[in-house]
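**Q** how would this look folded up:
(one chain, ligands or ions: 1)
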Amino acid sequence: MKDFDIKVELTKDKKEKPAFDQLSFGTNFTDHMFVMDYTKGQGWHDPRIIPYQPITLDPAAIVFHYGQTVFEGLKAYRTKDEEILLFRPDQNMKRLNRSNERLCIPVFDEELALAGLKKLISIDKDWVPNVEGTSLYIRPFIFATEPYLGVAASDTYRFLIILSPVGAYYKEGINPVKIAVEQEYVRAVTGGTGNAKTAGNYAGSLKAQVVADAAGYSQVLWLDGKEKKYIEEVGSMNVFFKINGEVITPVLNGSILEGITRKSVIELLNHWDIPVVERKISIDEIFRAYQEGVLEEAFGTGTAAVISPIGELFWQGEKLVINNGETGAISKKVYDSLTGIQTGTKEDPFGWRVKV
Ligand code: COI
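**A** Got it, this is the predicted structure:
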């Protein structure tokens with residue numbers, strides 16, 4: 001890897017760490033952060049690591065008004081031998097640049113960002129938790145900083161990486177979650193920004209999420225924006241169904257996020273010769289499979305959510321209880337293997353791990 005000039009300013013005021021056996025998701029932040037700026041004509045410049053601190057922006061900054069911003073999510077794990085491992089971080093950097101392209105944000109040097117991330121984690125290494133089911137969640141994000149109220153791409157940007165020691169994303173942990181199929185709102189349409197990790201996709205999903213939450217569901221399952229017929233994703237995860245011995249996941253269509261955990265699960269299933277297909281799948285087909293007793297399992301995949309079994313789907317007034325509301329064999333196998341590779345307790349035949 002190239003040698004990059006990344007300046008470091010260490011904090012004089014280290015924070016107290018939370019108890020690693022009681023971590024929630026995304027509420028604690030480490031002592032430092034990575035920062036880099038973009039100025040038109042100059043490109044990305046001044047990569048640096050500084051103490052974690054609030055940021056000051058002009059109230060007219062484009063990000064506040066028109067949401068020109070993108071983000072990523074990945075994790076670092078502490079092994080039993082006190083090594084720190086990242087999982088396919090190159091894939092996150094690539095996807096962040098794909099999101100940049102979609103949002104008219106200038107692309108950055110992925111190697112530089114990865115070097116900055118590794119340096120940041122090395123500095124804050126004591127924040128990588130060592131309790132089973134925990135990790136250091138990494139949130140790279142980029143936003144438009146130019147003060148301008150016209151609708152246009154900004155001439156200036158800031159790139160930050162912050163770190164957060166986390167436990168499970170869902171309060172259910174590895175236990176099955178209940179998901180409501182969304183019938184009123186849509187998340188994305190083909191040609192929109194659904195396959196970019198940009199704030200607006202998430203802001204637009206809140207309304208449905210609030211309604212689902214009040215009804216006792218963890219999240220909503222989005223259908224396609226045109227016909228409200230085909231399964232897309234669950235906002236914080238991609239989805240897989242096992243029907244009649246075959247694992248099916250919606251094919252990427254431009255409005256579904258290209259999950260790195262999704263891709264890894266498909267590669268794992270192929271490696272084990274478990275039949276897996278990517279294709280359009282309608283909610284009617286899921287319902288039919290349920291009625292015929294061949295909907296064997298369902299699970300979601302995501303960086304934050306890891307592998308999350310789906311124990312119940314709510315659809316048009318019906319509760320579809322899947323696998324008696326219990327974690328299925330494939331969900332368990334995939335969870336064990338993936339987390340084993342990530343945390344260094346299992347072989348990594350794919351070369352997915354990257355040492356910090
Ligand atoms: C992740 O899995 O890292 C995500 O980005 C989902 C998130 C919105 C919590």
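
**Q** For the stretch 51-200 of the chain, which residues are neighbours of the ligand?
**A** Gly73 (Cβ under 6 Å from any ligand atom). Glycine gets a C-beta too; all of them are placed from N, C-alpha and C.

**Q** Neighbours of the residue in the stretch 51-200 of the chain positioned nearest to the ligand, how many?
**A** Closest residue of the stretch 51-200 of the chain to the ligand, Cβ to the nearest ligand atom: Gly73 (2.1 Å). By the criterion of other Cβ atoms under 10 Å, Gly73 has 18 neighbours.

**Q** and what of Asn323?
**A** 20.

**Q** Show the contacting residues for it.
**A** Applying Cβ atoms under 8 Å, 6 or more residues apart in numbering, we find Asn323 in contact with Pro176, Glu296, Glu297, Pro309, Gly311.

**Q** For the last one, what are phi and psi?
**A** With angles defined as degrees, to the nearest 10, Gly311 sits at phi -90, psi -20.

**Q** For Phe71, which non-adjacent residue is closest in space?
**A** Closest residue in space to Phe71, ignoring its immediate chain neighbours: Phe141 at 3.9 Å, by Cβ to Cβ, 6 or more residues apart in numbering.

**Q** what's the neighbour count on the one you found?
**A** 19.

**Q** list the contacts for it?
**A** Counting by Cβ under 8 Å, 6+ apart, Phe141 has contacts Thr69, Val70, Phe71, Glu72, Phe159, Leu160, Ile161, Ile162.

**Q** what pairs with it across the strands?
**A** Phe71, Leu160 (DSSP bridges).

**Q** Next up, the contacts around the closest residue to Ile6 other than its chain neighbours.
**A** Take Ile6 and drop its neighbours on the chain: the residue closest to it by Cβ to Cβ, 6+ apart is Pro47, 4.8 Å away. If you count contacts by Cβ under 8 Å, 6+ apart, Pro47 has them with Phe4, Asp5, Ile6, Lys7, Phe34, Val35, Met36, Leu112, Gly116.

**Q** again, 10 Å this time
**A** 4-7, 34-37, 108-109, 112-113, 115-116, 119, 159 (Cβ atoms under 10 Å, 6 or more residues apart in numbering).
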